[in-house]
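How does the following fold in three dimensions:
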Amino acid sequence: MAYDYEWMRLTAEELRARAAEDALVIIPVASLEQHGPHLATGVDIILGTGVAHATAERIAAAGRPVVVTPCVWSGLAEHHMDFGGTVTLDYASFAGVLRGITRSAVRHGFRRVMLLNGHGGNAEAVAVAATEFSVEFGVKVAGGTYWHVVPEVIGPLLERQGGLMHACEAETSMIMHLRPESVRME
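Prediction:
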């Protein structure tokens, strides 16, 4: 059987074993929001989850233990509300959800957590939360937005822009790869 890294597919015993192995817990964080006339509202969820899974596969292939939680699908998207199709949280609710998930992982013995963000509006909040949780829980918590973490990888792949932007060439290309039915080609 291939290495399974998805928290929701593992048993409690398997998760305890991963914690004892000092597994990294990746928590994908996204948003449910409009992405222009051509992309489905779940783009950030799909891409954030896809990046988290691809990262976990590389970590596992290198022989290191890793676990990925289900995606936190709602984030800070007030700036998209006027365009329709968007669900947003306020900061306190958003930080509370992240805190609860991180606290749960720590209570189960995990000592390394990555809040892997896939929505621009969450970037600063995720960075602040990671610092707060590191201090509060006494474990290593990192926070980063995937296109900010590796801009040197993403930029050279693009034809018309220097980096990833909202509903752009990069997001459209990634969605076409992961879930082409989420792109309205017309």
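
And stretch 14-28, what's buried?
Buried residues in stretch 14-28, defined by neighbour count with 16 or more other CB atoms under 10 Å: L15, R18, A19, A23, L24, V25, I26, I27, P28. C-betas here are computed from N, CA, C, even on glycine.

Turn the residues you listed into CSV, including pLDDT.
As requested, the buried residues of stretch 14-28 are exported to CSV (pLDDT from 0 to 100):
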residue, pLDDT
L15, 98
R18, 98
A19, 98
A23, 98
L24, 98
V25, 98
I26, 98
I27, 98
P28, 98
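
Quick check: the two most widely separated of those?
Spanning the widest gap among these are A19 and P28, at 19.1 Å by CB to CB.

and which of the buried residues of stretch 14-28 is nearest to A95?
Taking CB to CB as the measure, A95 sits nearest to I27 out of the buried residues of stretch 14-28, at 12.9 Å.

After the strand or helix carrying the closest one, which helix or strand is next? Please name it.
Applying DSSP states H and E as the criterion places I27 in strand 24-29. With elements assigned by DSSP H and E, the helix or strand that comes after strand 24-29 is helix 43-61.

and that following helix, which residues are buried?
The neighbour-count check on helix 43-61 (16+ other CB under 10 Å) flags 43-53, 55-56, 59-60 as buried.

Report the inter-axis angle for that helix versus strand 24-29.
170 degrees (axes from the mean of the first three to the mean of the last three CA atoms, to 10 degrees).

Residues in contact with helix 43-61: which ones?
Helix 43-61 is contacted from outside by 3, 5-6, 24, 26, 28-33, 35, 40, 66-68, 71, 73, 75, 116-119, 146, 167, 171, 174-175, 178-179, 182, using CB atoms under 8 Å, 6 or more residues apart in numbering.

Can you show me the CA trace of that helix as PDB?
This file holds the C-alpha atoms of helix 43-61, laid out as PDB (Å, rounded to 0.1, in the frame of the first residue of the first chain):
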ATOM      1  CA  VAL A  43     -10.300  27.500  -7.000                       C
ATOM      2  CA  ASP A  44      -8.400  28.300  -3.800                       C
ATOM      3  CA  ILE A  45      -9.700  25.100  -2.100                       C
ATOM      4  CA  ILE A  46      -8.700  22.900  -5.000                       C
ATOM      5  CA  LEU A  47      -5.300  24.500  -5.500                       C
ATOM      6  CA  GLY A  48      -4.500  24.800  -1.800                       C
ATOM      7  CA  THR A  49      -5.400  21.100  -1.300                       C
ATOM      8  CA  GLY A  50      -3.500  20.100  -4.500                       C
ATOM      9  CA  VAL A  51      -0.300  21.900  -3.400                       C
ATOM     10  CA  ALA A  52      -0.600  20.400   0.100                       C
ATOM     11  CA  HIS A  53      -0.900  16.900  -1.300                       C
ATOM     12  CA  ALA A  54       1.900  17.400  -3.800                       C
ATOM     13  CA  THR A  55       4.100  18.700  -1.000                       C
ATOM     14  CA  ALA A  56       3.200  15.700   1.200                       C
ATOM     15  CA  GLU A  57       4.000  13.300  -1.600                       C
ATOM     16  CA  ARG A  58       7.500  14.800  -1.900                       C
ATOM     17  CA  ILE A  59       8.100  14.700   1.800                       C
ATOM     18  CA  ALA A  60       6.900  11.100   2.100                       C
ATOM     19  CA  ALA A  61       9.000  10.100  -0.900                       C
END
